[in-house]
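> build me a structure from this.
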Amino acid sequence: MNTLFQSPVAPLLERLHREAEGQQFPGFVPTSDYRETYQHLGQCFLAVDPDLGRLLYTLVRTRKPQLVVEFGTSFGLSTIYLAAAVRDNGFGRVIGSEFVEAKAAQAARNLKEAGLADLVEIRSGDALQTLAGLQPDFLLLDGAKNLYLPILRLLGLQPGALVLADNINMRDLLGDYLEHVRNPANGFTSTTLGEAELSAYL
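Numbering: from 1, shown residues only. As a prediction, this is how the structure comes out:
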């Protein structure tokens with residue numbers, strides 16, 4: 001079974017991707033102050049594209065994690081891909097994090113419309129607090145870029161965990177993160193996929 005191509009998920013994803021593509025971004029360059037970044041981009045989708053979404057689905061289907069953690073839920077588009085894979089695996093759960101409360105609420109509504117809300121918990125607030133102590137075997141990093149490394153270090157990754165970090169083209173904010181996961185001494189093997197970095201914790 002592939003939930004991605006069935007109703008209600010398929011038409012919902014199509015609509016959300018269409019809305020994301022049509023949005024207008026404010027004239028703002030992300031800074032090292034993640035709270036300022038969230039404030040300026042609070043109404044933006046900041047969504048994965050369909051190709052990356054399908055990659056997320058495929059990775060979760062094949063890795064079969066017990067716990068998927070998402071840093072940067074936004075309106076829940078990527079969360080739908082993750083939760084659909086968990087549904088089709090037949091086990092597991094997703095914990096997402098979103099700094100902007102209104103976005104977290106809309107993500108919850110989108111997941112309910114997708115029929116996937118029972119698999120997902122969205123934690124609103126600062127992820128440095130809301131995700132502390134979790135031990136995922138799959139991690140998606142797609143929030144404030146300068147928090148990628150602090151979030152990675154905050155979590156207790158399971159052996160064999162996969163970590164997908166989006167938007168690595170923003171190297172001025174992600175240099176420390178990329179240096180960390182590309183150094184085998186830190187326990188990772190890592191490869192670049194377009195504007196994403198896929199790392200395995202071995």
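> going forward, measure contacts between C-alpha atoms and count neighbours the same way
Noted.
> where does Asn110 sit, in terms of helix or strand?
helix 101-114 (DSSP states H and E).
> can you pull the buried residues of the next helix or strand after that helix?
Next in sequence after helix 101-114, counting helices and strands by DSSP H and E, comes strand 120-124. For strand 120-124, burial by neighbour count (16 or more other Cα atoms under 10 Å) applies to 120, 122-124.
> re earlier: dump the helix holding Asn110 to PDB, restricted to CA.
Backbone C-alpha positions of helix 101-114 (Å, rounded to 0.1, in the frame of the first residue of the first chain) are rendered in PDB as follows:
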ATOM      1  CA  GLU A 101       1.900  28.400  17.300                       C
ATOM      2  CA  ALA A 102      -0.400  29.300  14.400                       C
ATOM      3  CA  LYS A 103       1.600  27.200  12.100                       C
ATOM      4  CA  ALA A 104       1.500  24.200  14.500                       C
ATOM      5  CA  ALA A 105      -2.300  24.600  14.700                       C
ATOM      6  CA  GLN A 106      -2.600  24.600  10.900                       C
ATOM      7  CA  ALA A 107      -0.300  21.600  10.600                       C
ATOM      8  CA  ALA A 108      -2.500  19.700  13.000                       C
ATOM      9  CA  ARG A 109      -5.600  20.600  10.900                       C
ATOM     10  CA  ASN A 110      -3.800  19.400   7.700                       C
ATOM     11  CA  LEU A 111      -2.800  16.100   9.300                       C
ATOM     12  CA  LYS A 112      -6.400  15.600  10.400                       C
ATOM     13  CA  GLU A 113      -7.600  16.200   6.900                       C
ATOM     14  CA  ALA A 114      -5.000  13.700   5.700                       C
END
